[in-house]
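Participant: I need the structure of the sequence given here:
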Amino acid sequence: MSDTAADALLLDPSVGRRNIDQAQWANLVLLLADTARDDLAVAVRTFVSAGSSAVIGVFDNSLLWTSLVVSVDQAGAPESLSTIDGSVAEAAGEMTKAAGEAVKWVQAHYGPCSLGLFVDKKHAEAVVRASDKAGAVRTASAAGGLVLSPVPPSLAIALA
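Facilitator: As a prediction, this is how the structure comes out:
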């Protein structure tokens, strides 16, 4: 398994990986190939509440293409990585419904979910490449290619 996601999060190699769907992980590696090394790590530190998890899902033609679940400990340091269970994503259907099901799944398996970000593939690729991440997220939202729920206050402020 490639360490691209772990590298992008600046993780210690001992951070656990659980429930990794290999196809989703391979797509995550492709998506993160063009990202700055610390962009994802900074986002986790900034927007994921200590003792909670964040879930990111990327959809291609209304199907889950990749996902990442990052759980952080009480100090805010990442403690595990996962992907959304494939059966959850397949059963959920379109992005809005799938986002709700994914957040429920994360809460059932990892505890509180403080951030849910679901975006279509085209906009995910634009966010990864953008120097203005907030602007790229706002563009995805305006185009109907984004579901953001739950939204931590720090992210709501950043996007305002």
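
Participant: which helix in this structure runs the most residues?
Facilitator: Longest helix in the chain, counting residues (DSSP state H): helix 95-110.

Participant: could you identify the helix or strand that succeeds that one?
Facilitator: strand 113-120 (DSSP states H and E).

Participant: right, and the helix or strand after that following strand?
Facilitator: helix 121-129.

Participant: which other helices and strands does the very next helix or strand once past that following helix contact?
Facilitator: As assigned by DSSP H and E, the chain's next helix or strand after helix 121-129 is helix 133-142. Helices and strands touching helix 133-142, by 3 or more C-beta pairs under 8 Å, 6 or more residues apart in numbering; DSSP states H and E, are strand 113-120, helix 121-129, strand 146-148, helix 153-159. Placement of C-beta: from N, CA and C, glycine included.

Participant: give me whichever of these is most buried.
Facilitator: Highest mean neighbour count among the helices and strands packed on helix 133-142 (mean count of other C-beta atoms under 10 Å): strand 113-120, with a mean of 23.

Participant: now the residue nearest the centre of the chain. Its backbone dihedrals?
Facilitator: By C-alpha atoms, centre = their mean, the chain has its centre lying nearest to residue 56, at 2.0 Å. The phi/psi pair for residue 56 (degrees, to the nearest 10) reads phi -120, psi 130.

Participant: so how far is residue 28 from it?
Facilitator: Going from residue 56 to residue 28 by C-beta to C-beta, to the nearest Å gives 9 Å.

Participant: equivalent analysis for residue 76, please.
Facilitator: Distance from residue 76 to residue 28, by C-beta to C-beta: 22 Å.

Participant: compare the two (neighbour count), which wins?
Facilitator: Shown here are residue 76 and residue 28; by other C-beta atoms under 10 Å, residue 28 has more neighbours (24 against 15).
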